[in-house]
Every structure is written in structure tokens, then in C-alpha cells.
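Asker: Just to be clear, the model below is a prediction. Sequence and coordinates:
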Amino acid sequence: MLELHCHTTFSDGTLTPTELVAAAIAAGVRALAITDHDTCAGLDEAIEAAGDRLEIVPGLELSVVHNGRSLHILGFYPDRDRIHEPLAVRLAGRRQRAQRMAEKLAELGYPIKLPELPGNMAPGRPHIAQALVAAGHVTSAQEAFTRFLGDDRPAHVQYDKFSIVEGMNLLRSAGAVPVWAHPYLFRGGNVEDTLPELVAAGLLGLEVYHPNHSLTEQKRLLELCDRYGLLATGGSDYHGPAPSTRAERRDSLNQFQLPLALLDRLKQVKATLAIETNY
């Protein structure tokens, strides 16, 4: 079985790469993608932990801005030597964003202590949500997002402007296959209107299977894959064992029981991309 969207402690997951690998094997996963936000730093640990028991699919989840809203692109099989420097710049931007959100919270009367993260880890809103919980300002991460951190909430800070074209160019220049993550979570426009813009920018796939996609939405995304000749992928968007407050997300490993044939298709697209770009 296949999992193509998972996070570790190198971004906003709660399991280390080693722990995630163990959990994936226990759940019957045979190929696992590590897709931390704006970083590939957890891949080496995951590959070492997996050995010959589990295939690790190198990846990341890149954050861009489109129509003033956050849009996420999964990039599979990047050349880490080529993508390292631009990701380091993105990581610095994420740290600055976290600091600005902390400053906004202090201005609102809710001071927090930002978590101390190693230099190769990317701070995000979930880290700040947990800091709000630790400070006693909210009782749950969900409340933190609802009151302070969600889009258009008072402590939210937008990503540095990084367009879909810039994001696609970054991924494809590093040999990565770009896939639109959880399209129906995008709040900057409907999927049908936004997709042609992403395809023109270099998109090669859609994340069809995601915990927040209904069966009707999955069917529609498959139709769009056929229309535009796009790759279909899927995954649990796993961030670690879900506390009861998030149980409704049903974010459990291997929940979709995706066939390895989807990975074969991803590898074919990767090979075609390499030929087309002389990579």
C-alpha cells in the first residue's frame, strides 16, 4: 500500500522520521513519501530507518501564494543538492513569519514562547498553536486556529509572496514532480478555475485522495486528471497520532489503501520529466 503525503517533526508532524517509518510499516504501508513543509531535512533519517523494509519516496510540500491565499504543492523526487539553497531561504522566511505571529499575539495580549527548533526544522502555525496551548491562552490547537491563527484571523501572517509560477519553476528545476496538494482546501478560488493556471505554470498532478476530500470531490478530481493529462496521487496528510479534538479528520496511516500502481505512474512521470528537461 502507498502513502504519498506524510509529515515528521522536521516540519509540523509529531513523529520523528524513524517513528513514522515504524508506524507506516505497522500499518501495512510499502512505500512512504516524506513531504515536510519547505524542507527535505528528514529524508536521510527516514531512509536509514526504512532499510529494505519500506520504500521511501523523497518529497516536500512547498507553500506558495495564489490570489492572496496559501496554496500547497507537493514535489516528489527532488534533487536535494539543487533545491537545498532555495529551501534554506524559505526556511528563514518561515522563521520570520513565526516571529511576526508571536509579536502579533503579544500585541493582542497573548504572549507565547516560540518553541526552540533545530536549524533544519521549519516552524509553522501548528507549533504556534501548541505554544498558545502551553501558555494557557487556549485549550486546544483547534481553538488557537479559530481565534488567532486561521486565515483572516488577527494573528495570521501571510507567507512571503512566492507565486505558483515561482514554486513550479523551483520544483521542476530540481527535477521534482509538482502535484497540487488537497485542492479542495484551497480558499483562493474554485478548483476548476484555478487548475488551468497551475497547469500552465507546470503542474503535473493532483492529490485526489485526501482526508478532507469527499467521494464526490475525488471523482471530480479524477475527471480533471483525465481532462488535463495529470497524475493522480493521494495520502493521509499524516501528522502523527490524532488527539481526540482532531479525530474527525480520520487522519490515520494507510486509510485509503492506495495501490502501488499509483507510484509506478509517478515514477513514469518523473522519468519523462527528466528526459524533457535533460535533467
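Answerer: Alright, I've got the coordinates.

Asker: helix, strand or coil for residue 57?
Answerer: strand (DSSP: H, G, I helix; E, B strand; the rest coil).

Asker: tally of neighbours for it?
Answerer: Around residue 57 sit 22 other residues, with neighbours defined as other C-beta atoms under 10 Å. Quick note: C-beta positions are derived from backbone N, CA and C, even for glycine.

Asker: Next one: it from residue 140, what distance?
Answerer: The gap separating residue 57 from residue 140 is 32 Å, by C-beta to C-beta, to the nearest Å.

Asker: What of residue 252?
Answerer: 20 Å.

Asker: from what I can see residue 203 touches residue 168, true?
Answerer: Yes - assessed by C-beta atoms under 8 Å, residue 203 is found in contact with residue 168 at 6.6 Å.

Asker: what is in contact with these two at once?
Answerer: 73, 178 (C-beta atoms under 8 Å, 6 or more residues apart in numbering).

Asker: low-confidence ranges in the stretch 151-279 of the chain?
Answerer: 242-251, 277-279 (pLDDT under 70).

Asker: all helices of it, in order?
Answerer: 164-173, 191-201, 215-228, 261-276 (DSSP state H, counting those that start in this stretch).

Asker: These: which one's closest to residue 50?
Answerer: helix 261-276 (14.6 Å; C-beta to C-beta).

Asker: list the helices and strands that closest one packs on?
Answerer: With contacts taken as 3 or more C-beta pairs under 8 Å, 6 or more residues apart in numbering; DSSP states H and E, helix 261-276 sits against strand 2-6, strand 55-66, strand 177-180, strand 231-234.

Asker: buried set for it?
Answerer: For helix 261-276, the neighbour count (16 or more other C-beta atoms under 10 Å) marks 262, 263, 266, 269, 270, 273 as buried.

Asker: Using CSV, write out every CA atom in that helix.
Answerer: The C-alpha atoms that make up helix 261-276 are tabulated as CSV, following Å, rounded to 0.1, in the frame of the first residue of the first chain:
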residue,chain,number,x,y,z
ALA,A,261,0.4,1.3,-9.3
LEU,A,262,-0.1,5.0,-8.5
LEU,A,263,3.6,5.1,-7.5
ASP,A,264,4.5,3.4,-10.8
ARG,A,265,2.7,6.2,-12.7
LEU,A,266,4.5,8.8,-10.6
LYS,A,267,7.9,7.2,-11.5
GLN,A,268,6.9,7.2,-15.1
VAL,A,269,6.1,11.0,-15.0
LYS,A,270,9.4,11.6,-13.2
ALA,A,271,11.3,9.7,-15.9
THR,A,272,9.5,11.7,-18.7
LEU,A,273,10.2,15.0,-16.9
ALA,A,274,13.9,14.1,-16.7
ILE,A,275,14.1,13.4,-20.4
GLU,A,276,12.1,16.6,-21.3
